[in-house]
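> what's the 3D shape of this:
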Amino acid sequence: MAEKSINKRKLIFKSVYYFITLLAWGLLAWALRRAYHYINLPKAFWVALVCVGVIYFCGASLFTLKTGGLKRFISHCLLLQLAPLCAFILTLWVTSSRMDVRPIAGVANTYERSFNDLQDTQKRAAIKNGLAPFKSRNEIKSRYKQLRKDKKLVEISTNQKYIVQNLTYSSPYVVPKVEKLLNDLADAFQEKTQSKAKFVVTSVLRTKEDVKKLQKVNGNASSASCHCNGTTIDISYVRFGEDRRKPYSKPELRLALAQALHELRKEGRCYVKIEKKQYCYHITVR
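As a prediction, this is how the structure comes out:
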């Protein structure tokens, strides 16, 4: 009975020990993901790597000196738990210190309050300025020549002003007013940065088929999405094509994009909603 009791305690101890270990590494992974979205990843990555390396070296040295008893336990903690935990704390600290963005002139201090145009408002603008939803991408291709001739739909692609990422759940087509808005936004963005930096367009025109596919992986995707009318785009506020001749940090590029977007919104050119989970601006032309 005594032996069973000891084995049970050992099992509980190991379960708790390895749970803490997995939690520590999970926290480090989360911190690095957060760092990727808000600052230049290499800076946070190297902080984490150096921290892990130093603690691993200390733990390994201690382990080689004496491999039994308390020292063995401490070395295991150093290797498996303290290394990722310390790296997590340092990475989070570096990230947090770079996340603060200066207030924008004429804009509320938080992006959530500054860019919060409701879905219903954007949908009304999409119906007014856009096209009826397409059933499929084949329908877009079959009708595109005529729609382009009638100046109702244009294709956008990566150029000197902005980047259109490889689209999975949408197609790179918009109404002409959106193309004009994109060009003006890109010009204002590059003027503010005095560089050739580019923002990234992450979502454009969705067909009914695209929406159904998206709903399988994103429960928030709406069948009444403004993206279906060709009037709406998503632009990332954490990913940029940087100008190597004039490098900027992500917070600086993010601020410049927000300022340029705010000015166009103030002129009555567009509605904007910040989407925190997707790390993007949801923009509908007016």
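> okay, CA-based contacts and neighbour counts for the rest of this
Fine.
> per-residue confidence for residue 274?
Listed pLDDT for residue 274 reads 90.
> now the one 5 residues further on
Turning to residue 279, the model gives it a pLDDT of 83.
> what distance do you get for it to residue 235?
9 Å (CA to CA, to the nearest Å).
> over to residue 169?
For residue 169 relative to residue 235 (CA to CA), the value is 15 Å.
> where in the protein is pLDDT low?
Within the chain, the stretches with pLDDT under 70 are 1-18, 20-21, 28, 31-85, 87-88, 90-113, 218-221.
> so for residue 279 and residue 235, which sits in the more crowded spot?
Each of residue 279 and residue 235 has its neighbours counted (other CA atoms under 10 Å); residue 235 has more, 26 against 16.
> the more buried one contacts residue 204, doesn't it?
No: under the criterion of CA atoms under 8 Å, residue 235 is not in contact with residue 204, lying 9.4 Å apart.
> this structure: helices as residue ranges?
Taking DSSP state H as the criterion, the chain carries its helices at 2-38, 41-65, 69-77, 83-99, 111-114, 119-129, 137-149, 176-193, 208-217, 250-266.
> tally up the residues packed near the residue nearest to residue 123 when sequence neighbours are not counted, please.
The shortest distance from residue 123 to any non-neighbouring residue, by CA to CA, 6 or more residues apart in numbering, is to residue 226 (5.4 Å). Using other CA under 10 Å, residue 226 has 27 neighbouring residues.
> can you check residue 184 too?
Residue 184 has 15 nearby residues by other CA under 10 Å.
> residue 207 now?
25.
> phi, psi of it?
Main-chain torsions, residue 207, degrees, to the nearest 10: phi -90, psi 170.
> so it sits right up against residue 136, yeah?
Yes: if you go by CA under 8 Å, residue 207 and residue 136 touch, sitting 5.2 Å apart.
> list the contacts for the closest residue to residue 166 other than its chain neighbours?
Spatially, and ignoring its direct neighbours in sequence, residue 166 is nearest to residue 202 (7.9 Å; CA to CA, 6+ apart). Residues near residue 202 by CA atoms under 8 Å, 6 or more residues apart in numbering: 164, 165, 166, 167, 233, 234, 235, 236.
> between those residues, which sits nearest residue 126?
Distance to residue 126, by CA to CA, is smallest for residue 233 among those, at 11.1 Å.
> that closest one bridge partners, please.
Judged by DSSP bridges, the bridge partners of residue 233 are residue 283.
> and residue 136, how many neighbours does it have?
Counted with other CA under 10 Å, the neighbours of residue 136 add up to 14.
> to clarify, my last question referred to residue 156.
Around residue 156 there are 19 residues (other CA under 10 Å).
> so what's the backbone phi/psi at it?
Dihedral angles for residue 156 - degrees, to the nearest 10 - are phi -110, psi 150.
> go ahead and confirm it touches residue 173.
Yes: applying CA under 8 Å as the test, residue 156 and residue 173 come out as touching, 6.0 Å apart.
> quick check: closest non-adjacent residue to residue 125.
Closest to residue 125 by CA to CA, 6+ apart is residue 286, at 5.7 Å.
> what about the one you found, how many residues nearby?
Counted with other CA under 10 Å, residue 286 comes out at 20.
> contacting residues for it?
When contacts are taken as CA under 8 Å, 6+ apart, residue 286 is in contact with 125, 126, 129, 268, 269, 270, 271.
> stretch 148-160: which residues count as buried?
Using 16 or more other CA atoms under 10 Å as the test for burial, stretch 148-160 gives 152, 153, 154, 156.
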